[in-house]
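> could you look at this predicted model? Sequence included:
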Amino acid sequence: MSKVLSEFLPGEKGTVKKVTGNSMIKRRIIDMGVVAGAVIEVQKYAPLGDPMEVKVKGFNLSLRKKEAEMIEMETA
Amino acid sequence: MTRKKITAALVGNPNSGKTTIFNNVTGGRQHVGNYPGVTVEKKEGYKNLGDKEFAIIDLPGTYSLTAYSQEEVVTRNFIVNDKPDVVIDILDASNLERNLYLTIQLLELEHPLLLSLNMVDVAEDLGVKINDSKLSQCLNGTPIVRTIGVRNEGTDAMLLAAAEASENKQSNGFKLDYGSDVEEAIKKLEPLLIALHNEIKFPVRWLALKLLENDANIKESLVKLSNSDSIINECDKIRIELSHKIGEDVELFVAGQRYQFVGKVYQQIADVREAHAITTSDKIDKVLTNRLFGLPIFFGLMWAVFNLVFTIGDIPSGWIEDAFGKLGELIGSAMSDGSLKSLIVDGIIGGVGGVLTFVPGIILLFFAISILEDTGYMARAAFIMDRLMRKFGLHGKSFIPLLLGFGCSVPAIMGSRMLENPRDRMITILVSPLMSCSAKLPVYTVLIAAFFDPSVAGNVLFSIYILGIVLLMIMASIYRKTLFKGESEPFVMELPPYRVPTLKSIILHMWERSSLYLKKAGTIILAASILMWFLTNYPSEVEYSKDYDALTVQAEETYTQQVGEDVLAPLNIEDIEQNEQLTALVGEIQDVNAEFDEAAAELEEDSAEYAELETAKTEKLQQIETDNPELYASAAKYVELTASLEEEKTHLENEQTGEKLEKSYSGQLGKFVEPVIQPLGFDWRVGVSLVAGVTAKEVVLSTMGTIYSLGETDENSKSLKHALAQDPNLNPLVAYSLMVFVLIYSPCLAALAVMKRETNSWKWPAFSLVYGTVLAWVVTFIVYQGGKLLGFGS
């Protein structure tokens, strides 16, 4: 099943299919290692509900939900 | 011994331990400055090792080498233009995949490179083993060493290996194959670019790749060259063709290819035993950013930082203030009166003292910030606050500097350094003076005490603080939409693992920042203090409306005559010292009076304690009278006459100082601005105070004290309060308007000086001065005129 990363719940895991959207944020996301094929696991959401924290390539990354919407995922 | 000089540039991801290595290697031998034109810090340190002298440059931490951030542009330009002998890439072994992504880009710059595999111990704890020689092999034999930065292990060997690597000027020929489509486009571009190679120092293949990636910075530098139009057009054509072929932005395709390559390399060199184990750091994080406890913990920590900076910091600040006060007295008593003495004591010592009182707070602030940063909590603080701050165009990280603004704008502005994005940093710097700093508080308290009933005092004060916060939100959103518009800074950032900070790095950090403040801001503040001293003391020859000297002499003569008639003549003596008993009695009465004055100084006259003290005093005096019935009346008369002479003389002196100030340049300035501030309900006296208050906000109060002929005044002064309350020009509405104006108008000199330092330009402090004052005028106008319409003006 495919959905975007911002729809994931804490603890949910999936593989990156594609990063869409505007080039600067997209580039930033890709530079951090979120490329097609990377495995991402959602850790948690901030106390106020946004941003979110994920684990990718062994490190913790935070991004806003709006930015996570640009990441298309494939769930296992 | 002449040593061989070697320049080595340290490059690496943020949190890779790069700065720890830099600090440990160079120790105190560092020089911190800025790169020209940008606010990115340039750190250089030195180290002698054997027959070599190393100059080590700590380049900013970066994840990539794109044109999207100042840090990345600075890093690649430094490597290409300044040509260090060798580049040392510090790799976090526990996070190698993402770190190698940068390594690939460094290799493509075709510069001598050494890889330093750092934090191998952390990686091994996580169950990751790295095969160094295999890694070197995958990267065409790029040399590798191992280091443990926090324990300073392997760093000497690292430098020696770097020296060796620097010998090899030729590129090791590493080339990443980007696939036939991209390679074909590169081949088409290369011949065009070789012609430019004399003028642009970047390697040709790298240049071709960057042009295909549509790198804004590289394109800009090409445009500056002559005859480059046709080349740029050709490049654009090839790039568009290529992106059609691969069906994606070339830039993103290239980045993807790099990660693919890195992924393959990583699989070959890393032996991962326990994948995705839950680390200690994750466990700590579960508590600190917990949905329920995250916010309370955050506010608790902020409260602690605030108290550290302002409550504990105030103690040594007080010592410094006292020490400078004493120094002033000492020099003052050693020199003869005159303008040189006044310049040294009031201008220079006062000015330098004022600068130094900020230092303890700043040192403690950077101590706290270093701990928050080095432990990794800072990123979490931003994570927690981002949603709230984003509502008015700020970044999660802006919260901390703004909170510090409640104490003082100087640390707030310096603290905004923690924001990497220049737009976020600028907005934070510009709005932070809207927080009610602690220097504004005494102004509020005196005005409130003079014009408002104690039952509403708290609400009035609170409303001013709230007004500041509301204005801050409005201004931040306006700035975000006008001056600093554009894409909002993404929140795509690493949350680094929690680490125990090293004392050395915290101390170096504190020292670095504090000495910068002293050097740069100090000189500006000193110059400005001297200017203010000049404005308030000159012209020195003033035509007074009264002959103060003659009046003083007259008062003394009257005194002598009265003492003679009422005290000395009845006792048949010519001087009170001729009667020992009388002299002793005078001393006793004066002691009782002095004791009372001291105890009652800070009490309200209608308070119960005051009445109690007064009764005690009367009782003591009655006791003295019963003990000495014959002489008491004479002694009391003498004491009374002496006291009233002193009072008269002080009054004349203060009146003279007040008149001198009125006729000084700053007084003239006050009169000059009077028409402008009249619609706000202010007269020239308020004008002078506001002008003088630009030096420091609490100066508004002391200047008013001088103008109202009261001499030295502070927030405990009862006399200023009374004088203000009796001034027919002032009423609660004007007082409130004045508080509003003091809250908003121009930041003080110290804040402006720091702003200049942090933004690297006079433009922003000048802007801040003007916008703050204009905004203050507009808001105060609305408050005052609106209040008058509503009938509060009397």
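Cool, got the structure.

> how about the longest helix seen in chain B: buried residues?
Ranked by number of residues, the top helix in chain B under DSSP state H is helix B:632-663. Applying a neighbour-count criterion of 16 or more other CB atoms under 10 Å in any protein chain shown, one finds B:632, B:634-639, B:641, B:645, B:648, B:652, B:654-663 buried in helix B:632-663. All C-beta atoms are positioned from the backbone trio N, CA, C, and that covers glycine.

> low-confidence ranges, chain A, go.
Flagging of chain A using pLDDT under 70 yields the residue ranges A:1, A:76.

> what about the helices in chain A?
Using DSSP H, the helices found in chain A span residues A:23-31, A:65-68.

> does chain B sit close to the last one?
The reference is to helix A:65-68. Yes: using CB under 8 Å from any CB of the partner chain, helix A:65-68 reaches chain B at A:Glu67.

> show me what contacts B:Val592?
Contact partners of B:Val592, counting by CB atoms under 8 Å, 6 or more residues apart in numbering or on different chains, are B:Lys617, B:Lys620, B:Leu621, B:Ile624.

> sorry, wrong one. I was asking about B:Leu603.
If you count contacts by CB under 8 Å, 6+ apart, B:Leu603 has them with B:Glu609, B:Tyr610, B:Leu613.

> please redo it, this time with the cut-off set to 6 Å
Counting by CB atoms under 6 Å, 6 or more residues apart in numbering or on different chains, B:Leu603 touches B:Glu609, B:Tyr610.

> doesn't it fall inside a strand?
No: looking at B:Leu603 with DSSP: H, G, I helix; E, B strand; the rest coil, it is coil, so not inside a strand.

> give me the distance between it and chain A.
To chain A, B:Leu603 is 47 Å away according to CB to the nearest CB, to the nearest Å.

> ok, now B:Ser768?
Taken as CB to the nearest CB, the span from B:Ser768 to chain A is 28 Å.

> list the contacts for that residue?
Counting by CB under 6 Å, 6+ apart, B:Ser768 touches B:Leu430, B:Pro747.

> again, only using 10 Å
B:Ser768 is in contact with B:409, B:413, B:429-433, B:746-747, B:751-752, B:755-756, B:759, counting by CB atoms under 10 Å, 6 or more residues apart in numbering or on different chains.

> Serialize the contacts of B:Val592 to CSV and add fields for secondary structure and distance to B:Leu327.
Formatted as CSV, these follow (DSSP: H, G, I helix; E, B strand; the rest coil; distance: CB to CB, whole Å):
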residue, secondary structure, distance to B:Leu327
B:Lys617, helix, 36
B:Lys620, helix, 38
B:Leu621, helix, 40
B:Ile624, helix, 40
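
> can you verify my assumption that B:Ile148 contacts B:Thr155?
Yes: B:Ile148 lies in contact with B:Thr155 (CB atoms under 10 Å); the separation is 8.9 Å.

> name the residues contacting each of the two.
With CB under 10 Å, 6+ apart, B:Ile148 and B:Thr155 have common neighbours B:Ile21, B:Asn118.

> hmm, back to that, for B:Glu604, which of the helices of chain A is the nearest?
Nearest to B:Glu604, of all the helices of chain A, is helix A:65-68, at 56.0 Å by CB to CB.

> who's in contact with the closest one?
Outside helix A:65-68, the residues that touch it by CB under 10 Å, 6+ apart are A:4-8, A:19, A:21-22, A:25-26, A:28-29, A:34, A:40, A:42, A:45-46, A:49-52, A:54, A:62, B:387, B:390, B:488, B:490-492.

> can you flag the buried ones in these?
Buried among the contacts of helix A:65-68 by 16+ other CB under 10 Å: A:5-6, A:8, A:19, A:25-26, A:28-29, A:34, A:40, A:42, A:45-46, A:50-52, A:54, A:62, B:387, B:390, B:488, B:490-492.

> what's the spacing between the nearest residue to B:Glu574 once chain neighbours are set aside and chain A?
With sequence-adjacent residues excluded and distances taken as CB to CB, 6 or more residues apart in numbering or on different chains, B:Glu574 is closest to B:Leu568, at 6.2 Å. Distance from B:Leu568 to chain A, counting by CB to the nearest CB: 81 Å.

> thank you, goodbye.
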